[in-house]
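Chemist: Got a sequence here, can you model it:
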Amino acid sequence: MRRERFDKMNVVPFIDIVLVLLVIVLATSTFVKNNSVKIDLPSASSKESKEKKSIDISIDKGGKYFYNKEEFGFEVIKARLAKLDPKKDIVSLRTDKATPFEYFVSIIDILKERGFENISIVTKR
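Modeler: Next up, the predicted model:
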């Protein structure tokens, strides 16, 4: 039996392996396109910033209303909610489990009427 001389290397299997690895890398990598435009904004002297307010409304089992931990009547709470921005401000509503449901519904009605978008009803686990 005669042995053939090893003159050249067969690179086709090597190319196949490299192509498979390239496909795997391209398939698993994420391509993030940054669409932001880099600009340097000018400053103004009449800068006005509106921050989001976080309002906490609580109702105890006796039907007393609390606005940020201060006790107020229903009409005062209604007037204060009317002054808030319904699209930006966040309202958290807490009620005692023994509170009559009508007190909860009255606050929800005000929030719904004003069009509040950020309402959270706080519960415990």
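Chemist: a helix runs through A27, doesn't it?
Modeler: Yes - checked against DSSP: H, G, I helix; E, B strand; the rest coil, A27 lies within a helix.
Chemist: any idea how far V20 is from it?
Modeler: 11 Å (Cβ to Cβ, to the nearest Å). The way it works is simple: take the backbone N, C-alpha and C, and place the C-beta from them, glycine included.
Chemist: Neighbour count for these two, which is higher?
Modeler: In terms of neighbours (other Cβ atoms under 10 Å), V20 is the more surrounded of A27 and V20; the figures are 10 against 7.
Chemist: what's the helix or strand for the more buried one?
Modeler: Per DSSP states H and E, V20 falls inside helix 12-28.
Chemist: Against which helices or strands is whatever helix or strand comes next after that helix packed?
Modeler: Sequence-wise, the next helix or strand downstream of helix 12-28 (DSSP H and E) is strand 54-59. On a contact count with 3 or more Cβ pairs under 8 Å, 6 or more residues apart in numbering; DSSP states H and E, strand 54-59 meets strand 65-67, strand 90-95, helix 101-114.
Chemist: Extract the residue ranges of the chain that are flagged as low pLDDT.
Modeler: 1, 30-52, 125 (pLDDT under 70).
Chemist: on that earlier part again, quick one: which of the helices and strands packed on strand 54-59 is nearest K78?
Modeler: Nearest to K78, of all the helices and strands packed on strand 54-59, is helix 101-114, at 5.6 Å by Cβ to Cβ.
Chemist: Enumerate the positions of the closest one that are buried.
Modeler: Counting neighbours by 16 or more other Cβ atoms under 10 Å, one finds that the buried residues in helix 101-114 are 103-104, 107, 110-111.
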